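S.K.: I'll drop the sequence and a predicted model, then ask my questions.
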Amino acid sequence: MENRVKRVIIYARVSSDRQDVDLSISAQLKALRDYAARNGYVVVKEFVDEAESGRSTARPSFREMIGLARTKQAPFEMILVWKLSRFARNREDSIIYKSLLRKQGIQVVSINEPIEDTPTGRLMEGIIEVIDEFYSSNLGQDIKRGMRENASRGFFNGSRPPFGYVRKKIKDGDKERNSLEPDPKLLPIVQRIFNEITNEKGLKEIAKGLNRDGVPAPAGGKWGKQRLHKILTNEAYTGRLIWGKVHKGKTSLPPVIKDNAWPAIVDKSVFENVQVTLSERAPKVTHPRVASSNYLLSGLVRCRNCGASYIGYGAKSGQFHYYVCGTAYSKGKEACPSQHLPQEKLERFVTDKIKGYILTDGHLLDLIKQSNEAFDVADNKRKERVGVIDKEIEQWQGRLERLYDFVETKKIEPDRMAQRIADVQDKLNLMRQAKLDLENGQGANRAAYIDPQKVLSYVAELRHFLDERGLFERKAFLRSFIEQIRVGDNKITLDYTLPFPPANIKQETVSVLDIVSSAPLFANYLGTKVNLFRNKM
């Protein structure tokens, strides 16, 4: 199985706003095909988006490629691109799509930015993408404007419809838009849930009845309080479309609200009465779905006892905030006796460790040096190949001149020589194009070099990244370092990665880093497990 030939996809793109500086589609494709051939890869399919901007969602081939990757058994293991900026110019898009692809076992490889598929490599990749984005405009705004316009006309923007609905295609000129219509099979389940809450049944009782009767839950699994609460508080069931609703302070634009956007499953008066009922019964905590949006480590903290994710848990007073096991929250301490974690204490420890170990001048400069050295190696290989091609061109040029000599001296009839001359000329043209492609690659590689002085100019900004940037960006940044945070057995274990231990490391943590203390610099990006807060929470 390990010797199986790797199957790859080739993706090439030229931005509409960078056509004057981008390598042409044909040149990208040739370089990508040559790379695949040299490495013994089988090219399954090629996807091309010509004159498409990285800021635009109108990349049909890219969307088709991602759709193919999301199939149950994707027919490839790798996507080859000319440079990382050809895959996505938006750091957020890159994180989302690469995370999706990684879960499918698919790797994105830039043939001009030699980066290993390791945590160190992903860190270096992230730095390159941050620099790419630094020179790009505010990405994603075109997408948001398009979705806002779509929503204002009553069309559905989401990828997954609410439980009880299915997507319905609607003709809109020469395009198709999405709306919703009730799913005949699931509609009775939604109506049952609203009827039972109206008849004074509690959420646990409703969930128990649905599970007992074998009623299918959204995305499989069992019914629980959180799933029921999500349905009972979703205004989509009244036919109302709400798009762009965010937490206070996130945007100056109001959400788009459109009544009667699709057929209602629940009458508005019934829905409003249910909200009153839920409010009266609500415990003195913020609902996890709302609370988790303000929790930096949501999705990373896992329970060692039951394997469930921890969720945000905040008192209505706003004084106390915790991470709590999802099983313990929905089913009680009997189901999982896990401990609560103070939000501020856990988040501060994690961010301090990352800033202290990773985001230092020395560490980042070493990463830049390593990357530039890798570019040098790639350039040297290109120069060697150019030298070989020059010798071959000289040999074939000599053959062509000898053929012309034969014709001029009439030793051979011109008609008999025409095909041989054409063949040699074709061979020379191919070699000259190959040389030109290699030289273009050298120029692009030099342009990709990262200036250490530029890194130093904003390294302080990176250190403050976790304190000052938006929540989405900070979450994504943390996922570049942290695999998971496991909680249980009276201890918390943070599984994260370090390129190497800093010189001023504290004594109490040396024991967990001794496995890397004698390793060559950047030889590996080793996962390091640190026990935190033992018996302190």
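M.R.: On my side now, so go ahead.

S.K.: who touches stretch 206-214?
M.R.: 189, 192-193, 196-197, 201, 217, 222-225, 227-228 (C-beta atoms under 8 Å, 6 or more residues apart in numbering). All C-beta atoms are positioned from the backbone trio N, CA, C, and that covers glycine.

S.K.: I should have written stretch 158-178 there, sorry.
M.R.: Contacts for stretch 158-178 (C-beta under 8 Å, 6+ apart): 150, 153, 155-157, 179-183, 186-187, 189-190, 218, 231, 234, 236-237, 262, 265.

S.K.: ends of stretch 147-161, how far apart?
M.R.: Using C-alpha to C-alpha, to the nearest Å, one end of stretch 147-161 lies 16 Å from the other.

S.K.: Kindly report the same for stretch 227-236.
M.R.: 15 Å.

S.K.: Residues contacting it, please?
M.R.: In contact with stretch 227-236 (C-beta under 8 Å, 6+ apart) are residues 162-165, 180, 190, 193-194, 197, 203, 206-207, 217-218, 237, 242, 262, 271, 274-275, 278, 287, 289.

S.K.: change it to 7 Å
M.R.: Applying C-beta atoms under 7 Å, 6 or more residues apart in numbering, the contact partners of stretch 227-236 are 162-163, 190, 193-194, 197, 203, 206-207, 217-218, 242, 274-275, 278, 287, 289.

S.K.: how about that stretch: buried residues?
M.R.: Across stretch 227-236, burial judged by 16 or more other C-beta atoms under 10 Å covers 227, 228, 229, 231, 232, 234, 235, 236.

S.K.: Taking the contacts of stretch 227-236, please make a ChimeraX selection of just the buried ones.
M.R.: To isolate the buried members of the contacts of stretch 227-236 in ChimeraX, using 16+ other C-beta under 10 Å:
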select :162,163,190,193,194,197,203,206,207,217,274,278,287
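
S.K.: and the contacts of stretch 227-236, which of them are in helices?
M.R.: 190, 193, 194, 197, 203, 206, 207, 274, 275, 278, 289 (DSSP state H).

S.K.: Identify the residues contacting the first one.
M.R.: Right, residue 190. Applying C-beta under 7 Å, 6+ apart, the residues near residue 190 are 163, 164, 231, 237, 265.

S.K.: Could you identify the pair within the contacts of stretch 206-214 that is furthest apart?
M.R.: Greatest spacing in these, by C-beta to C-beta: 197 and 222 (18.2 Å).

S.K.: for the stretch 201-350 of the chain, which spans come out with low pLDDT?
M.R.: Scanning the stretch 201-350 of the chain for pLDDT under 70 picks out 246-253, 282-293, 315-318.

S.K.: And the helices in it?
M.R.: 203-212, 225-232, 268-281, 288-291, 326-331, 343-357 (DSSP state H, counting those that start in this stretch).

S.K.: Dump these to TSV, plus distance to residue 80.
M.R.: Below are the helices of the stretch 201-350 of the chain laid out as TSV (distance: least, C-beta to C-beta, whole Å):
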stretch	distance to residue 80
helix 203-212	47
helix 225-232	40
helix 268-281	50
helix 288-291	39
helix 326-331	39
helix 343-357	31
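
S.K.: hey, which of these is tucked in deepest?
M.R.: helix 326-331 (a mean of 21; mean count of other C-beta atoms under 10 Å).

S.K.: Show me what that one packs onto, helices and strands only.
M.R.: Other elements packing on helix 326-331 under the criterion 3 or more C-beta pairs under 7 Å, 6 or more residues apart in numbering; DSSP states H and E are strand 310-314.

S.K.: now for the strand it packs on, which elements pack on it?
M.R.: helix 288-291, strand 301-303, strand 321-325, helix 326-331.

S.K.: same thing but 6 Å
M.R.: Secondary-structure packing of strand 310-314 (3 or more C-beta pairs under 6 Å, 6 or more residues apart in numbering; DSSP states H and E): helix 288-291, strand 321-325.

S.K.: between that strand and strand 321-325, how big is the angle?
M.R.: 140 degrees (axes from the mean of the first three to the mean of the last three C-alpha atoms, to 10 degrees).

S.K.: who does strand 310-314 pair up with?
M.R.: Here strand 310-314 is paired, per DSSP bridges, with strand 321-325 (antiparallel).

S.K.: relative to helix 343-357, how tilted is the partner strand?
M.R.: Using the same axes, to 10 degrees: strand 321-325 against helix 343-357 is 90 degrees.

S.K.: Now residue 427: closest residue in space that isn't a chain neighbour?
M.R.: residue 396 (5.6 Å; C-beta to C-beta, 6 or more residues apart in numbering).

S.K.: can you tell me how far the one you found sits from residue 402?
M.R.: 11 Å (C-beta to C-beta, to the nearest Å).

S.K.: can you pull out the strands in the stretch 101-250 of the chain?
M.R.: 107-110, 165-172, 175-182, 241-243 (DSSP state E, counting those that start in this stretch).

S.K.: Kindly reformat those as CSV containing distance to residue 360.
M.R.: Below are the strands of the stretch 101-250 of the chain laid out as CSV (distance: least, C-beta to C-beta, whole Å):
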stretch, distance to residue 360
strand 107-110, 26
strand 165-172, 49
strand 175-182, 48
strand 241-243, 42
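
S.K.: pretty sure residue 305 contacts residue 335?
M.R.: No: assessed by C-beta atoms under 6 Å, residue 305 is found out of contact with residue 335, at 9.7 Å.

S.K.: So which of these two has more stuff around it?
M.R.: Under the neighbour definition other C-beta atoms under 10 Å, residue 305 and residue 335 were set side by side, and residue 305 has more, 18 against 15.

S.K.: wait, what's in contact with the more buried one?
M.R.: Taking C-beta atoms under 6 Å, 6 or more residues apart in numbering as the criterion, residue 305 is in contact with 336, 338, 488.

S.K.: So which of those is the closest to residue 320?
M.R.: residue 338 (17.1 Å).

S.K.: and that closest one, how far is that from residue 375?
M.R.: Distance from residue 338 to residue 375, by C-beta to C-beta: 48 Å.

S.K.: Mind checking which of the two has more residues around it?
M.R.: Higher neighbour count among residue 338 and residue 375: residue 338, with 23 against 18, using other C-beta under 10 Å.

S.K.: if you skip the residues just before and after it, what's nearest to that one?
M.R.: That would be residue 325: by C-beta to C-beta, 6+ apart, it lies 3.9 Å from residue 338.

S.K.: Check residue 5 too.
M.R.: Residue 5 sits nearest to residue 42 (C-beta to C-beta, 6+ apart), 5.3 Å away.

S.K.: could you check the angle helix 343-357 makes with the longest helix seen in the chain?
M.R.: Ordering each helix of the chain by length in residues (DSSP H) puts helix 361-408 first. Counting by the same axes, to 10 degrees, helix 361-408 points 50 degrees away from the direction of helix 343-357.

S.K.: looking at the chain, which helix or strand is least sure?
M.R.: Least confident element among the helices and strands of the chain, by mean pLDDT, DSSP states H and E: helix 507-510 (a mean of 28).

S.K.: From residue 39, how far off is residue 105?
M.R.: With C-beta to C-beta as the criterion, residue 105 and residue 39 are 18 Å apart.

S.K.: Domain-wise, how is this protein divided?
M.R.: 7-140, 153-282, 284-358+454-537, 364-449 (automatic domain parsing).

S.K.: Check which residues of stretch 306-323 are buried.
M.R.: Per 16+ other C-beta under 10 Å, stretch 306-323 contains these buried residues: 306, 308, 309, 310, 311, 312, 313, 314, 321, 322, 323.

S.K.: From these, pick the one nearest residue 35.
M.R.: Residue 35 lies nearest to residue 309 out of those, by C-beta to C-beta, at 39.2 Å.
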